[in-house]
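Novice: here is my input; please provide its structure:
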Amino acid sequence: MLVRQASLSDLNAIAAILGNNKLPSEDCHDHIDHFIILEIDGKIAGIGGLEYHGIYALLRSIVIITDKRNRGLGKTIIRKLVDQARDNGVTTLYLLTEDASDYFATSGFTCIDRTDVPLPIRQTRQFSSLCPTTATVMAMDVACP
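Specialist: Below is the predicted model:
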């Protein structure tokens, strides 16, 4: 298993994986430098990304390929991204999900009200237009390990 930073050459694969999982990919190119790829035997098994906004970041697009699920790979990606966010001065991570709030709760995220989200995160394309307003908003304090 290899976890590596994504590059522009991964953009089409990331967009296809997101599309196959009914997740938005329209603005991935803007944040490709903050996406990671998890590979098994040289093939993409999972992806995830961050969108930085000062001391806040949006955790986005955590996807494990269907035949690689239920092996803890999603947790590996989340831990790596949480560590990266913390190393880059982020104090709070946010995410939007339509159907995985129970899963993210097992990684330490808690549900919050949309009105409690700071303006820089509310102004992201993910929050303001790409994800439905019915999506659950979750947050995690990452300032301390």
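
Novice: name the helix or strand of this protein that has the lowest mean pLDDT.
Specialist: Among the helices and strands of the chain, helix 125 carries the lowest confidence by mean pLDDT, DSSP states H and E, at a mean of 89.

Novice: in the longest strand seen in the chain, what counts as buried?
Specialist: The strand that spans the most residues within the chain, counting by DSSP state E, is strand 43-53. Under the neighbour-count criterion of 16 or more other Cβ atoms under 10 Å, strand 43-53 has 44-53 buried. Yep, even glycine has a C-beta here, placed from its N, CA and C like the rest.

Novice: now what about the next helix or strand after that strand, what contacts it?
Specialist: For strand 43-53, the following helix or strand on the C-terminal side (DSSP states H and E) is strand 56-64. Applying Cβ atoms under 8 Å, 6 or more residues apart in numbering, the contact partners of strand 56-64 are 14, 17-18, 21, 23, 25, 28, 31, 35, 38, 45-51, 71, 73-74, 77-78, 81-82, 85, 88, 90-96, 118, 120-121, 124, 126-127.
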